[in-house]
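Chemist: This is a predicted model, with the sequence first.
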Amino acid sequence: MNKTIIKLTFTLVFFCIFSCGAQQTYPLNTDFEEIPQGSYLKDLNNELTSFVGEYKANFQGNEIKLFISKETMRFFKSLNIYQDALSIKYIVKNSAGNILQNTQDMIFEPNQLRHTIYSRGTYPSENIVWFNYGGTNCKVGWGSIELKKVNSTQISWKYVPNDIILDDSRCPPGTDINIYLPETKDLIFTKQ
């Protein structure tokens, strides 16, 4: 019995030394192409925290609420790295108060792209965080978003969707392919 416990303990220690210790931590904006796979890009300078919160803006008759949270050590499979990141969920309502799109209560799978908005880095000297947006149905709207901290209660929004060619083989007829997020720049969101 004691030999089994000793073997098990030795195996666990050996595993931890080689798997846990292999991960290296780097500052948030380190070029992910220059680091080993499985590394961790950590928000060492606390650049993300000031963006966390609930924000609201109006654009072309719609009310948009952003819910920004910080995730520690989120795994990005496509890059094979861990990274501290901001996640944006949102609700878009029309002028009558009807919900056009709502991701606030969605639970995202680890490798899900659709509806996800995750930060990929910052420009600290400009108070900007940039994001990748996975788009909605049939990847419509996928693109990049930048948030710039204007002051302690306001952020400026810039969203640039990429083009996508759709046909019936890529997107079934009748699928909602509207982009509800504001396709604009310099839209001011106010912290609630």
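Modeler: Happy to help now that I have it.
Chemist: residue ranges for the helices of the chain, please.
Modeler: With helices called from DSSP state H, the chain shows them at 2-15.
Chemist: pLDDT weak spots in it?
Modeler: 1-22 (pLDDT under 70).
Chemist: what's stretch 103-113 in contact with?
Modeler: Identification of contacts with stretch 103-113 by CB atoms under 8 Å, 6 or more residues apart in numbering yields 65, 67, 75, 77, 89-91, 115-116, 134-135, 139, 142. All C-beta spots, glycine's among them, are computed from the backbone N, C-alpha and C.
Chemist: Give me the buried positions along that stretch.
Modeler: Across stretch 103-113, burial judged by 16 or more other CB atoms under 10 Å covers Thr103.
Chemist: end-to-end on it?
Modeler: End-to-end distance for stretch 103-113: 13 Å, by CA to CA, to the nearest Å.
Chemist: What remains of the contacts of stretch 103-113 if I keep only buried residues?
Modeler: For the contacts of stretch 103-113, a burial check counting by 16+ other CB under 10 Å picks out Lys65, Phe67, Lys89, Tyr90, Ile91, His115, Thr116, Gly134, Gly135, Lys139, Trp142.
Chemist: Just the closest of these to Leu28, please.
Modeler: For these, the closest approach to Leu28 (CB to CB) belongs to Thr116, at 18.8 Å.
Chemist: and the buried ones among the contacts of stretch 103-113, which two are the farthest apart?
Modeler: Farthest-apart pair in those is Lys65 and Lys139; separation 23.5 Å (CB to CB).
Chemist: top strand in this protein by residue count?
Modeler: In the chain, ranked by residue count with DSSP state E as the criterion, the top strand is strand 62-76.
Chemist: and that one, what does it pack onto?
Modeler: Secondary-structure packing of strand 62-76 (3 or more CB pairs under 8 Å, 6 or more residues apart in numbering; DSSP states H and E): strand 53-59, strand 81-93, strand 117-123.
Chemist: Among the ones you listed, which comes closest to Asn29?
Modeler: Using CB to CB, the nearest of the helices and strands packed on strand 62-76 to Asn29 is strand 117-123, at 5.1 Å.
Chemist: Rebuild the contacts of stretch 103-113 as TSV, extending it with distance to Asn162.
Modeler: Below are those laid out as TSV (distance: CB to CB, whole Å):
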residue	distance to Asn162
Lys65	24
Phe67	24
Phe75	24
Lys77	20
Lys89	21
Tyr90	19
Ile91	23
His115	16
Thr116	15
Gly134	11
Gly135	8
Lys139	9
Trp142	6
